[in-house]
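*Asks:* the sequence and its predicted three-dimensional model are supplied below.
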Amino acid sequence: MKTNIRKIGAALLAMGFCLASTAGLAQTAQTTTTVTTSKGAFTEYVPNSQTVVLRTETSSAPLRYTVTKQTTIVDETGAPVAIERISPGSQLAVDYSGSGERLVASRIVVRKPVAVTAPVTTVPATTERQTTTTTTTTQPLTRDEKHAIKEAKEEHKDAIKKDIERKQEALEKAKDKLDDDDDDDD
């Protein structure tokens, strides 16, 4: 009888270890990151330190954001923008995490200047919002996914080139027409 109780106890203990180890493997790693958005005027980019400097109305000192390989820099339409092409004074919206001296930009959106046609009332140009994001660890992109992203970028670049060529042709036709009109006047 004592042998049967020992065997049953050992079997229950072994099942407990199996269930505990299976439950441990099934868990996914989750991290919670607070992302804050800050808006203001771009003042400079420091290439050696990968730092973007932004002046906001809410802060007396300029804010410095670290730019990493994971930082997405786009315009309002979602098209990629090279950081070197952003001119001082451009309005930016920066999504970042961290605090104090260590602010890491996750996304930078270059906002288009607004054309003023009517009297403007004074509204603060800077707003801040806090969001909490829960991230679940995922697998890296596959080769096919990377290839698809690369193709999409190339298609976008080709579309922009074609649009520029079309506009150049239209300008040349307009210039030729003006030249013809000037010749007719003589």
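*Replies:* It's in.
*Asks:* just for the chain, where's the confidence low?
*Replies:* 1-32, 114-129, 131, 133-138, 186 (pLDDT under 70).
*Asks:* so what are the domain limits for it?
*Replies:* Listed domain ranges for the chain are 31-136, 139-186 (source: automatic domain parsing).
*Asks:* quick one: the helices in the chain?
*Replies:* 2-26, 143-185 (DSSP state H).
*Asks:* helices or strands up against the strand ranked longest in the chain?
*Replies:* Using DSSP state E to define each element, the chain has its longest strand at strand 30-46. If contacts are counted by 3 or more C-beta pairs under 8 Å, 6 or more residues apart in numbering; DSSP states H and E, strand 30-46 sits against strand 51-55, strand 63-75, strand 91-99, strand 102-111, strand 128-136. Using the backbone N, CA and C atoms, a C-beta is placed for each residue, glycine as well.
*Asks:* most tightly surrounded among those?
*Replies:* Of all these, strand 51-55 carries the top mean neighbour count, a mean of 19, counting by mean count of other C-beta atoms under 10 Å.
*Asks:* out of the domains of the chain, deepest packed?
*Replies:* Highest mean neighbour count among those (mean count of other C-beta under 10 Å): domain 31-136, a mean of 13.
*Asks:* circling back: which of the helices and strands packed on strand 30-46 sits closest to Lys157?
*Replies:* Closest to Lys157 of those, according to C-beta to C-beta: strand 63-75, at 14.2 Å.
*Asks:* send the alpha carbons of stretch 147-155 over as CSV?
*Replies:* Output in CSV follows, covering the C-alpha atoms of stretch 147-155 (Å, rounded to 0.1, in the frame of the first residue of the first chain):
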residue,chain,number,x,y,z
HIS,A,147,11.2,42.0,-50.2
ALA,A,148,7.6,43.2,-50.3
ILE,A,149,8.5,46.3,-48.3
LYS,A,150,11.5,47.0,-50.5
GLU,A,151,9.3,46.7,-53.7
ALA,A,152,6.6,49.0,-52.2
LYS,A,153,9.3,51.6,-51.5
GLU,A,154,10.7,51.3,-55.1
GLU,A,155,7.2,51.6,-56.6
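*Asks:* give me the residues contacting it.
*Replies:* 80, 141 (C-beta atoms under 8 Å, 6 or more residues apart in numbering).
*Asks:* can you check stretch 156-165 too?
*Replies:* Outside stretch 156-165, the residues touching it (C-beta under 8 Å, 6+ apart) are Ala79.
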